[in-house]
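**Student:** I need the structure of the sequence given here:
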Amino acid sequence: MTWLEKIIHPLSFSKQVIINGKPLCVEWTYRADSALRERKQPLNIEMELFFSCRVKKIVNFHNNQEGTISHNVFHKISDDIKVWFHPVISNYCDVGESELQHSKVDVDIKNLRNYYPKKLYIDFRNKQWVGSFC
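**Tutor:** Numbers count the residues shown, from 1 in each chain. Predicted coordinates:
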């Protein structure tokens, strides 16, 4: 979120929870809150920490309840939001912003004490979910 977006569309809602023994603050805008209230099911948010030649932070939004992801990995933030921290290592080095799906191997969270996310930002712009974490 840029400084201008923070002024025009401030983060108006927040919730702090403990996930895997670490605090996580989730913040979202009025636009996101409105979109969340219109949903019939919670929004599942995956915070993927992608280790390749470089580290990428990717936020994936899973709208459907069906799929290959076990719902046991998601942590309930509110009635409308569930999150999952998912660190992975790629078997392929990609320094670009390629959208190609490379084979990934899950990383044990216990080994990532210094990489654990502290904040997750959520917005709903142009009819799409957007997010970032740090």
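
**Student:** who does Q16 bridge with?
**Tutor:** C25 (DSSP bridges).

**Student:** OK, contacts around it?
**Tutor:** P23, L24, C25, V26 (Cβ atoms under 8 Å, 6 or more residues apart in numbering). No exception for glycine: its C-beta is placed from N, CA and C like everyone else's.

**Student:** what pLDDT does it get?
**Tutor:** Per-residue pLDDT puts Q16 at 94.

**Student:** cool, and I77?
**Tutor:** 93.

**Student:** do I45 as well
**Tutor:** pLDDT at I45 comes out at 96.

**Student:** now the buried members of the contacts of Q16.
**Tutor:** Among the contacts of Q16, those buried by neighbour count (16 or more other Cβ atoms under 10 Å) are L24, V26.

**Student:** doesn't L43 make contact with N60?
**Tutor:** No: in this structure, N60 is not within contact of L43 by Cβ atoms under 8 Å, at 11.1 Å.

**Student:** name whatever forms a beta bridge with the spatially most central residue of the chain.
**Tutor:** Nearest to the mean C-alpha position of the chain, by Cα atoms, centre = their mean, lies M47 at 3.3 Å. Taking DSSP bridges, one obtains V59, F85 as the residues bridged to M47.

**Student:** what's the distance between it and I89?
**Tutor:** 16 Å (Cβ to Cβ, to the nearest Å).

**Student:** for M47, give me its contacts.
**Tutor:** Per Cβ under 8 Å, 6+ apart, neighbours of M47: K57, I58, V59, V83, W84, F85, H86, P117, L120, F133.
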